[in-house]
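Trainee: give me the fold of what follows.
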Amino acid sequence: MESTPEATMNDVQRLGDTRKCPACGSEIDPGAYHCPRCRNYFCYRCRSRVSTSEPQFQCINQQCDYHGKLICSVCDPEVVKEEEPTIYQDRVGGWWPAVATCAVILFLVALFYTHFWIALSLAAAAFASAAYGFHRAGLNVFDSVKKVIEPRHSTHHSCIRCSKPVKECR
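Mentor: Now for the predicted structure:
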């Protein structure tokens, strides 16, 4: 069986007696969502009371039967839409400050016992070998750029009758 827009529109039936107020039972217009006698607002579809603190929605499509009618958040559930993820690059610092600090300390200690050039070459060799060792171990020695992907989603409501966007009323 093939689904057509007319078939899905007929699936949305209003509940209860549409000629009576669901709160007080007085006669009202079948298209009403507010009772002038008891001054209660109710959902146009399920006929349950809707307080001012609850989310309320109205269809903005003028060709829809539900245009301007008050719909509760139970009859018009929230739809989550996945959006394109945000992608950016972030700099990640490496271990080079720690390796350089150790090489400088080694240089100062070696300078106390040996000549300047020997201490300098010993510190440079220690820095290079430590950096190579960290690199082989998989640690980042110098700064690098890391790709960060942040997933995004948005929430929205649409009319249960025509599936067009609705506006939130307060």
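
Trainee: which element is the residue most central in space within the chain on?
Mentor: By C-alpha atoms, centre = their mean, the mean C-alpha position of the chain lies nearest to residue 153, the distance being 4.1 Å. Element membership of residue 153, judged by DSSP states H and E, is strand 144-156.

Trainee: that strand packs against which elements?
Mentor: Applying 3 or more C-beta pairs under 8 Å, 6 or more residues apart in numbering; DSSP states H and E, we find strand 144-156 packed against strand 79-92. In this view, the C-beta of every residue, glycine as well, is placed from N, C-alpha and C.

Trainee: contacts only, for the closest residue to residue 59 other than its chain neighbours.
Mentor: Closest residue to residue 59 in three dimensions, ignoring its sequence neighbours and counting by C-beta to C-beta, 6 or more residues apart in numbering: residue 159, at 4.1 Å. If you count contacts by C-beta atoms under 8 Å, 6 or more residues apart in numbering, residue 159 has them with 59, 61, 64, 66, 71, 76, 165, 166.

Trainee: repeat that for 6 Å
Mentor: Residue 159 sits next to 59, 64, 66, 166 when contact means C-beta atoms under 6 Å, 6 or more residues apart in numbering.

Trainee: returning to that earlier point: now the strand holding residue 153: average pLDDT?
Mentor: What strand 144-156 shows for mean pLDDT is 85.

Trainee: walk me through which strands that strand pairs with, and which way each runs.
Mentor: strand 79-92 (antiparallel) (DSSP bridges).

Trainee: and the next element down the chain from the strand it pairs with?
Mentor: Proceeding N to C from strand 79-92, the next assigned helix or strand is helix 96-113, under DSSP H and E.

Trainee: and the helix or strand just after that following helix, which residues are buried?
Mentor: Elements were assigned by DSSP H and E; along the chain past helix 96-113, the next helix or strand is helix 116-136. Counting neighbours by 16 or more other C-beta atoms under 10 Å, one finds that the buried residues in helix 116-136 are 119, 122, 123, 126, 127, 130, 131, 134.
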